[in-house]
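Student: Structure of the sequence below:
(chains A, B, C and D)
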Protein chains: 2
Amino acid sequence: METSKRPGGRSARVRDAVRQATLAELVERGYPGLTVESVAERSGVHKTTVYRRWGGVEGLISDALELARDEPWPIPDTGSIEGDLRGIVQLVRSGFADPELGPVSSAFVAAAVQNPAAARALHEFFVARHEQSAEVVRRAVERGELPDVVDVREVIRVAVAPVYYRLFVAHEPVTERDADRAADAALAAARAGVL
Amino acid sequence: METSKRPGGRSARVRDAVRQATLAELVERGYPGLTVESVAERSGVHKTTVYRRWGGVEGLISDALELARDEPWPIPDTGSIEGDLRGIVQLVRSGFADPELGPVSSAFVAAAVQNPAAARALHEFFVARHEQSAEVVRRAVERGELPDVVDVREVIRVAVAPVYYRLFVAHEPVTERDADRAADAALAAARAGVL
DNA sequence: CTCCAATCGCTACTGTTGTAGCGTTAGAAT
DNA sequence: ATTCTAACGCTACAACAGTAGCGATTGGAG
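Tutor: Residues are numbered from 1 along each chain as shown, chains lettered A, B, ... in the order given. The predicted structure is shown next:
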């Protein structure tokens, strides 16, 4: 609980405690089990305070999402567009398979499907992700691996979409081979010039 | 309320009334606003009866999903794989854009993300959909438009995935052009032999 | 027509979620 | 050190979700 006497007053301590408790609850119980009371109890902050500052479960999610958005993530640079794209899609897949990160990420998606505020926050998150990831496509175009008429962000979308589709829509398992195949499909489309 | 004296006893009437009320509530308020009490009141069936037979909100959703699964949907047959694939993806897109059908479909996705029973029901739904839709790919293979080594269902998945991804994950708008592009991308990948 | 089993409606209750009002405390300024 | 203000903790309460027990109704069987 007492990590280190961080700068900032009581409000800052309360804020950090609630954020940390929110993430911990998401890992343990997921979004359906996320309740204001449990977060309040775990954080040591009173229930009414959480309601006042965050407004409820949706506020807790949105707040956590803004934190996640700012964390950079490692864009692969394997030298070939095929390797880079596969790397990105595998990163998505393994992220959701991770016992610690997976439940939190899934909770974000679940929350956004049903909560306009979280949806906006998640949208911003993906705008940032797409922009960062598109770098691998830009490099490929520079190297002459792809025609230069491509919509760089669309390549990323088409590459990762099947993974999300399987996970959150069709509710099918996603193997590593599935992930590679999705990356390869996006690459084939980009090479054919349809993106 | 009294559509027509359908065959079946009181139980059947109760069942139909609740199902109809569930769909109506989903259209008006969506999944987050779906409550057992409102369904009970609208249907004229008592609250405790709904809890007994359906077990709660998740049961109502699963029941409605089973109904939706059995309804056949029109697979296009334009003569070319490009037209057929585009038709399917546009059908998905327009379905979610429809003011009556859209909220219900979205509610199913939202429910499944957060409710294991609904997730299983939705999975079955998509298994059926994929199987039906794959027919257009099989025909294309027969006509020699595509190599015969393709996983027919995977072509469908890759084609529709970007639409779902935009709608329910990245929360971006989906234009008709986006839908066509997704279909074309899947087609290019299939032609390249990566599916 | 009579009876019977199943299902439904009703009342009452419990537990949880979210809010209101007020007293208290932390931290900054002088 | 003292004072002042914003934020927090606490109690009490209102609203809602979900359950239990029992009596009433339905529709079918003999």
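Student: any idea how far A:Ala170 lies from A:Ala182?
Tutor: Between A:Ala170 and A:Ala182 the distance, using Cβ to Cβ, to the nearest Å, works out to 13 Å. In this view, the C-beta of every residue, glycine as well, is placed from N, C-alpha and C.
Student: Check A:Arg143 too.
Tutor: Counting by Cβ to Cβ, the gap from A:Arg143 to A:Ala182 is 22 Å.
Student: Compare those two and say which is more crowded by neighbours.
Tutor: A:Ala182 (33 against 11; other Cβ atoms under 10 Å in any protein chain shown).
Student: what sits against that one?
Tutor: By Cβ atoms under 8 Å, 6 or more residues apart in numbering or on different chains, the contact set of A:Ala182 is A:Val89, A:Ala159, A:Val160, A:Ala161, A:Pro162, A:Val163, B:Val158.
Student: Which parts of chain A are helices?
Tutor: A:10-29, A:36-43, A:47-54, A:57-70, A:81-97, A:101-112, A:116-142, A:152-164, A:176-192 (DSSP state H).
Student: any idea which of those helices is most buried?
Tutor: helix A:152-164 (a mean of 26; mean count of other Cβ atoms under 10 Å in any protein chain shown).
Student: relative to helix A:81-97, how tilted is that helix?
Tutor: Counting by axes from the mean of the first three to the mean of the last three Cα atoms, to 10 degrees, helix A:152-164 points 40 degrees away from the direction of helix A:81-97.
Student: Please see if helix A:152-164 touches chain B.
Tutor: Yes - counting by Cβ under 8 Å from any Cβ of the partner chain, chain B is contacted by helix A:152-164 at A:Glu154, A:Arg157, A:Val158, A:Val160, A:Ala161, A:Pro162, A:Tyr164.
Student: In terms of pLDDT, where does the first one sit?
Tutor: The score at A:Glu154 is 97. That number is its pLDDT.
Student: With A:Phe108 instead?
Tutor: For A:Phe108, pLDDT reads 94.
Student: so who does it touch?
Tutor: A:Ile61, A:Ala64, A:Leu65, A:Ala68, A:Ala118, A:Leu122, A:Phe125.
Student: and it, how far is that from A:Ala117?
Tutor: Taken as Cβ to Cβ, the span from A:Phe108 to A:Ala117 is 12 Å.
Student: Can you pull the residues that touch both of those two?
Tutor: A:Ile61.
Student: Can you pull up the residues of chain A that come close to DNA strand C?
Tutor: A:Gly9, A:Arg10, A:Arg13, A:Thr35, A:Val36, A:Glu37, A:Lys47, A:Thr48, A:Tyr51, A:Gly55, A:Gly56, A:Val57 (Cβ under 7 Å from any atom of the strand).
Student: Looking at pLDDT only, which of the residues you listed scores worst?
Tutor: Within those, pLDDT is lowest for A:Gly9, at 74.
Student: what residues are up against that residue?
Tutor: So A:Gly9 contacts nothing (Cβ under 8 Å, 6+ apart).
Student: Any regions of chain A where pLDDT drops low?
Tutor: Applying pLDDT under 70 to chain A flags residues A:1-8.
Student: Determine which residue lies closest to the centroid of it.
Tutor: The geometric centre of chain A, computed from its C-alpha atoms, lies nearest to A:Ser105 (Cα atoms, centre = their mean), at 5.5 Å.
Student: Contacts only, for the nearest residue to A:Ala188 once chain neighbours are set aside.
Tutor: The shortest distance from A:Ala188 to any non-neighbouring residue, by Cβ to Cβ, 6 or more residues apart in numbering or on different chains, is to B:Ala192 (3.8 Å). Residues near B:Ala192 by Cβ under 8 Å, 6+ apart: A:Ala188, A:Arg191, A:Ala192.
Student: Make a markdown table from those and add distance to DNA strand D to it.
Tutor: Output for those, formatted as a markdown table (distance: Cβ to the nearest atom of the strand, whole Å):
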| residue | distance to DNA strand D |
| --- | --- |
| A:Ala188 | 47 |
| A:Arg191 | 51 |
| A:Ala192 | 50 |
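Student: Pull up the residues of chain A that are close to DNA strand D.
Tutor: Residues of chain A lying near DNA strand D (Cβ under 7 Å from any atom of the strand): A:Arg10, A:Ser11, A:Val14, A:Arg15, A:Gly44, A:Val45, A:His46, A:Thr48, A:Thr49, A:Arg52, A:Arg53.
Student: Looking at the residues you listed, which is nearest A:Asp148?
Tutor: A:Arg15 (46.1 Å; Cβ to Cβ).
Student: Chain B versus A:Phe96, what's the distance?
Tutor: 11 Å (Cβ to the nearest Cβ, to the nearest Å).
Student: these two touch, right, that residue and A:Gly102?
Tutor: Yes - using Cβ atoms under 8 Å, A:Phe96 makes contact with A:Gly102 at a distance of 4.8 Å.
Student: so what's A:Ile61 up against?
Tutor: A:Ile61 neighbours (Cβ under 8 Å, 6+ apart): A:Thr22, A:Tyr31, A:Leu34, A:Ala107, A:Phe108, A:Ala111, A:Asn115, A:Ala117, A:Ala118, A:Ala121.
Student: In JSON lines, list those along with distance to A:Val136.
Tutor: JSON lines is the format used below for the contacts of A:Ile61 (distance: Cβ to Cβ, whole Å):
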{"residue": "A:Thr22", "distance to A:Val136": "32"}
{"residue": "A:Tyr31", "distance to A:Val136": "31"}
{"residue": "A:Leu34", "distance to A:Val136": "34"}
{"residue": "A:Ala107", "distance to A:Val136": "28"}
{"residue": "A:Phe108", "distance to A:Val136": "23"}
{"residue": "A:Ala111", "distance to A:Val136": "29"}
{"residue": "A:Asn115", "distance to A:Val136": "32"}
{"residue": "A:Ala117", "distance to A:Val136": "31"}
{"residue": "A:Ala118", "distance to A:Val136": "28"}
{"residue": "A:Ala121", "distance to A:Val136": "25"}
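Student: Which single one of those residues is nearest to B:Leu85?
Tutor: For the contacts of A:Ile61, the nearest to B:Leu85 is A:Phe108 (31.1 Å; Cβ to Cβ).
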